[in-house]
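Engineer: Below are the sequence and a predicted model for it; my questions follow.
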Amino acid sequence: MSLTQVPLRLATGAFILNSGISKLSADEGTAQFLHGAAASTYPALFKDMEATKFARLLAVSEIGVGAALLAPMVPATVAGAALTGFGASLVGMYLKTPSMTLDDGIRPSQEGTAVAKDVWLVGAGLTLLTQGIASAAKSGVKSSKRALRKASPLTH
């Protein structure tokens with residue numbers, strides 16, 4: 001993990017981990033609410049799932065994403081991909097729920113403001129993902145150059 005990623009990974013990871021842990025003890029009403037939002041946005045995935053099972057799945061998923069962000073041994077590409085997917089699913093819910101946006105379908109209504117902010121999760125995830133890819137590419141170029149130097153008869 002790069003030192004420049006620490007603040008981003010700590011802030012997002014701690015927030016998402018806490019959110020997941022709090023959902024582990026979701027009551028029936030909360031489970032119904034969470035399931036309803038997911039089932040109306042992604043019916044093919046969640047429509048037939050039991051609300052309490054969905055809440056548990058969501059909790060475990062959030063804990064996994066939060067833990068991946070906080071764990072320094074998890075590469076930025078992996079943590080970034082997880083955060084991007086998680087954030088994109090929330091932004092998808094925002095965009096597919098008419099009451100969350102104004103008439104233009106983009107800008108948030110008062111109800112949608114709390115979810116619209118999740119676009120930052122996508123940006124943070126893409127930042128980690130691109131940093132990880134760039135770092136891996138840079139390491140690959142350095143390794144290739146070292147291998148070429150070792151193999152070149154001119155350097156011996």
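Structural biologist: Thanks, I have the structure now. Treat the numbers as computed from the prediction; the structure is a model and nothing was measured.
Engineer: what sits against R9?
Structural biologist: M1, L69, L70, A79, L128 (CB atoms under 8 Å, 6 or more residues apart in numbering). C-beta coordinates here come from the backbone N, C-alpha and C atoms, glycine included.
Engineer: same thing but 6 Å
Structural biologist: L69 (CB atoms under 6 Å, 6 or more residues apart in numbering).
Engineer: Can you get me a residue count around M49?
Structural biologist: 14 (other CB atoms under 10 Å).
Engineer: now the nearest residue to it once chain neighbours are set aside: how far from K53?
Structural biologist: Spatial nearest neighbour of M49, chain neighbours left out: H35 (6.9 Å); criterion: CB to CB, 6 or more residues apart in numbering. Distance of H35 to K53, given as CB to CB, to the nearest Å: 9 Å.
Engineer: Would you mind telling me which of the two has the busier surroundings?
Structural biologist: The neighbour comparison of H35 against K53 (other CB under 10 Å) goes to H35, with 22 against 12.
Engineer: Just list what the helix or strand harbouring that one packs against, helices and strands only.
Structural biologist: Using DSSP states H and E, H35 sits in helix 28-41. Judged by 3 or more CB pairs under 6 Å, 6 or more residues apart in numbering; DSSP states H and E, helix 28-41 is in contact with helix 51-70.
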